[in-house]
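# need a structure here:
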Amino acid sequence: MSELLFYRKPVALNRENHRNLKFSPGNKFLFSREINSVPLTGIEFFEASRDLPIFFSRNESGQYFPLALLSLRNNQHALVDEDGSWQGSYVPAFIRRYPFAMTDNQTVCFDEGCEQFSEETGEPLFDEQGENSATLNNVLQFLTNFDKSYKATQEFSATLAEHQLFKSFDMQVMAGDGKPVRLEGLHVVDEAKLLDVEPEQVQHWFKSGQLAWIYAHLHSLGALRQLSKQQAQANAVAEAKEKAEAGALN
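You can find the predicted model right below:
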């Protein structure tokens, strides 16, 4: 999945070019509505597992990385309402970091097409001397923490792959509208094989907290039913809205 999935016009933040730029923080997530999964870092597994299934995806290079499944339908999810408010219990950091991002070479970018930026209103990103404002420093701290967690999760996923602990997850589930959906191309940790991992590696995962990540991932698979229920509720709301609009026209 693209690092800049939601960004319409990503540009590097420049101290000179953007000295007068201001940012208005918000908690609306309409920009995320046309996707059904996002990357997830290991440290997020605990909170996310309450209502989001966590799977592992494999890219063309054969590398695995965890993702939070937001919907059982392609190119949409029902975790934001018409106002853009999040309806679940946890918003993945990949989504919360928008409209900012940090590249592999530590360059800070932002979506210039996002309406949260202006030179008239909002919180300044730089002070009168051109130094970082408190607002920008908070953004940088969040991006730095996310980047650190992302890299740690990459290493964790690679170690799981080295121990051949992934197995394919191929299952048919109901999407909430009475229609079956086939989940393919996803992977989960094989709990049976986990029992055969050498004690030294298990001890390392235990001390690092990553053994708990594994079991949070396995626990999260039960949240598939929650996604089906959410989709059913969203379908019911959409159907009622269509009937109301049709009635108004008549």
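# can you map out the helices along the chain?
Assigned by DSSP state H, the helices in the chain fall at 45-48, 93-96, 134-162, 191-194, 199-208, 210-220, 224-249.
# on contacts alone, who are the packing partners of the third one?
Read it as helix 134-162. strand 64-69, helix 93-96, strand 100-102, strand 108-111, helix 210-220 (3 or more Cβ pairs under 8 Å, 6 or more residues apart in numbering; DSSP states H and E). Glycine gets a C-beta too; all of them are placed from N, C-alpha and C.
# next one: the first one
Applying 3+ Cβ pairs under 8 Å, 6+ apart, one finds that helix 45-48 makes contact with helix 210-220.
# so the helix it packs on versus helix 134-162, what angle?
90 degrees (axes from the mean of the first three to the mean of the last three Cα atoms, to 10 degrees).
# and helix 210-220 with helix 199-208, angle?
80 degrees.
# Pull the distance from helix 210-220 to the chain's centre.
Distance, stretch centre to chain centre, for helix 210-220: 17 Å (Cα atoms, centre = their mean, to the nearest Å).
# Just the C-alpha atoms of it, please, in CSV.
In CSV, the C-alpha atoms belonging to helix 210-220 read as follows (Å, rounded to 0.1, in the frame of the first residue of the first chain):
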residue,chain,number,x,y,z
GLN,A,210,6.3,-8.8,20.6
LEU,A,211,4.9,-12.1,21.8
ALA,A,212,1.9,-10.1,23.0
TRP,A,213,1.7,-8.6,19.5
ILE,A,214,1.3,-12.1,18.1
TYR,A,215,-1.5,-13.0,20.4
ALA,A,216,-3.3,-9.6,20.0
HIS,A,217,-3.2,-10.4,16.2
LEU,A,218,-4.7,-13.8,16.7
HIS,A,219,-7.3,-12.4,19.1
SER,A,220,-8.3,-9.7,16.6
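# To N132, which of the helices and strands packed on helix 134-162 lies closest?
strand 108-111 (10.2 Å; Cβ to Cβ).
# Around N17, how many other residues sit close by?
Using other Cβ atoms under 10 Å, N17 has 10 other residues around it.
# re earlier: I'd like the helices and strands packed on helix 134-162 laid out as TSV, including mean neighbour count, mean pLDDT and distance to K22.
TSV is the format used below for the helices and strands packed on helix 134-162 (neighbours: other Cβ atoms under 10 Å; pLDDT from 0 to 100; distance: least, Cβ to Cβ, whole Å):
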stretch	mean neighbour count	mean pLDDT	distance to K22
strand 64-69	22	96	31
helix 93-96	20	96	20
strand 100-102	22	94	14
strand 108-111	20	96	12
helix 210-220	19	97	38
